[in-house]
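Asks: next input, structure requested:
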Amino acid sequence: MVLIEKAKTRIEQLLLNISRVLKMDFAIIQADGELVISTNRYRKQKGISVHMPSIERAFDEGFYLMDQPGKMDVCQGCRFQSQCPAKSELLHTIHINNESFGVISLTSFTKDGHQRLIKHQEDYSHILNDITNIIISIIEQEEEIYRTSNILQILQSVLSTSTDPLMICDPTGLVVYQNEQVQSFMKPQKLCPLTINEFLTGESINKVLHHSSHVETTIEDEAITIHLTPAIDNDACIGMILRFNKKPEKEITDMHPFKQINGESPAIMDLKTKICNIKNSSSTVLLTGETGTGKSVFAKAIHDTSQRSQKPFISINCASIPESLFESEMFGYEEGSFTGAKKGGKKGHFQSAHGGTLFLDEIGEVPYHLQAKLLNAIEGHAIKRVGGNHPIPIDIRIIAATNQNLEQLMKEGKFREDLFFRLCVIPLNIPPLKSRMEDVELLAYSFLHKHASKTGKAIQAISLEALEILHLYHWPGNVRELENTMEYALNMETGTIITKGSLPDRIVSHTDPKKPANIKGSFHSYQKELLQQLIAKNGYDSEGKELTAKELGISVRTLYRKIDKYGIKN
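Replies: Below is the predicted model:
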């Protein structure tokens, strides 16, 4: 059934606009004689009752001109016989999907219009034919939209009943549907992505879209495998279907915990070693370091290497919680404890992290009068909700971080000594980027590849001149500033390699020309010596090399390259 009602508004507007230009009127009559669309004047002059003989004649001939309405043989029996308000009428059949849908009438109720229509009959026939084709196109479009909508509803019903987490996106990566099962597989901040580019690399997406390949990939930082399947229509990829799976337990255990910590400088290698040393511990860790050094990345690495890696990792920025809400956010609240409290109460961050790790970033921003409650929860391994009377046991590991000098804050009476010493069981200082400049090139390339895949740009290299500038800059914003710099350069660069001209002016103009750019000699000597010691300890066989690679936080393939580079032999 042709869905004329779906297209009615668009067709009426079309005919109204053309009617004003031609100074004539239109009507559309279905094959059963129903007047479905008309201009106002047509309806006022002729009403809604249709005399069928003229319509049937039009179906027989395709085109039919009524140059003397009311006086022609097809007018016999019409209520307007001999006194038809129309002066002339040109009829044209409408066929949709090879079926007769109806007739469109171009009607003049004036002598002037009659004369024009008779004099230029062929031109008006062409115009009416074009209008008919436009109307057919509008109806077919609306039918396709309706049909697609029905198919999508059926598809959504099928997907919603599937036990597999499934997501559908269009060719641009825009998510058009995801079933409820996806929620159990994605982190909270990724539950409602606008595009799949938010959690997948451009390389995986392009492989599906442009090569129609089935691709299996993983979400960064998550133990999830994604199967991407192209949706093909007329040999073209019109979208993708994503199916999510949890990785097997062994595969999760083998995931590289240090993949986000890019660096091979002695300071970073020492930190990786210390993190490995404390992987079986539940002792509290205090991370210190300047802004932008990546303290949250190290906190996540500590969690991922620990026995709690399959339990929650809850990251909280203490500076972002209003003082009035700090206690309820941290410890939760009971129903009715204050105005606006949710029915049934609410868990706090301590309870949400039960069994896992609670990362308290910007710990120095916790108000002094609330620090005692934080200390009690950490020492007593239990919390009391706001409005509650009974302690709730908690099993969590605390990792705190700050860019402030907590010892100075203690002297100023702004930070409790007992809380400081409870947090500072295992102190780890994240070095500023300026003290590990040998990592700049590695970090720069890491950020280049990360953002190039997101932007879809085929830039895979950095010029020597640009690298020298990166080595000469003092990086007050540390690793975060370097990442922002590479993202900026990618957006500015129009070629295939990052050049000096694509770097921010701030970086180029604030380099220190007196600073030696060649800073790798001592580092390479240290790395060679470290490799020799670890290989001597673990063995030169494949198992020993795997163990050495794991201790260094690098892949086995990278280890082989370094062994070859430094000429290390058994």
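Asks: contacts and neighbour counts: CA atoms only from here.
Replies: OK.
Asks: residue 50 contacts residue 32, correct?
Replies: No - the criterion here is Cα atoms under 8 Å, and residue 50 misses it with residue 32 at 9.7 Å.
Asks: those two: which has the busier surroundings?
Replies: residue 50 (16 against 11; other Cα atoms under 10 Å).
Asks: next, that one: secondary structure please.
Replies: coil (DSSP: H, G, I helix; E, B strand; the rest coil).
Asks: measure it to residue 43 for me?
Replies: 11 Å (Cα to Cα, to the nearest Å).
Asks: can you list the domains in this protein?
Replies: 4-144, 162-251, 266-431, 434-509, 521-566 (automatic domain parsing).
Asks: could I get those domains as CSV with distance to residue 151 and mean pLDDT?
Replies: Formatted as CSV, the domains of the chain follow (distance: least, Cα to Cα, whole Å; pLDDT from 0 to 100):
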stretch, distance to residue 151, mean pLDDT
domain 4-144, 10, 89
domain 162-251, 13, 69
domain 266-431, 39, 92
domain 434-509, 32, 89
domain 521-566, 47, 74
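Asks: redo the ones you listed as a markdown table? Include distance to residue 260.
Replies: What follows is these, written out as a markdown table (distance: least, Cα to Cα, whole Å):
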| stretch | distance to residue 260 |
| --- | --- |
| domain 4-144 | 47 |
| domain 162-251 | 9 |
| domain 266-431 | 7 |
| domain 434-509 | 10 |
| domain 521-566 | 10 |
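Asks: so which of these gets nearest residue 155?
Replies: domain 162-251 (9.9 Å; Cα to Cα).
Asks: residue 153 is nearest to which of the domains of the chain?
Replies: It's domain 162-251; of the domains of the chain, that one is closest to residue 153 (Cα to Cα) at 10.6 Å.
Asks: which SSE is immediately downstream of the top helix by length along the chain?
Replies: Under DSSP state H, the helix in the chain containing the largest number of residues is helix 121-161. Using DSSP states H and E, the helix or strand that follows helix 121-161 towards the C-terminus is strand 166-169.
Asks: just checking, what packs against the following helix or strand past that next one?
Replies: Counting by DSSP H and E, the element after strand 166-169 in chain order, helix or strand, is strand 175-178. Other helices and strands packing on strand 175-178, by 3 or more Cα pairs under 8 Å, 6 or more residues apart in numbering; DSSP states H and E, are strand 166-169.
Asks: extract the CA atoms of stretch 72-88 and return them as CSV.
Replies: Provided in CSV are the C-alpha atoms of stretch 72-88 (Å, rounded to 0.1, in the frame of the first residue of the first chain):
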residue,chain,number,x,y,z
MET,A,72,-17.5,16.6,-23.1
ASP,A,73,-18.7,13.1,-23.3
VAL,A,74,-16.9,12.1,-20.0
CYS,A,75,-18.9,14.8,-18.3
GLN,A,76,-22.2,12.9,-18.8
GLY,A,77,-23.8,12.3,-15.4
CYS,A,78,-21.5,14.8,-13.5
ARG,A,79,-23.2,17.2,-11.2
PHE,A,80,-21.3,20.0,-12.9
GLN,A,81,-22.5,19.0,-16.4
SER,A,82,-23.0,22.2,-18.5
GLN,A,83,-21.9,24.4,-15.6
CYS,A,84,-18.4,23.2,-14.6
PRO,A,85,-16.4,25.8,-12.6
ALA,A,86,-13.2,24.5,-14.3
LYS,A,87,-12.2,26.2,-17.6
SER,A,88,-9.7,23.5,-18.5
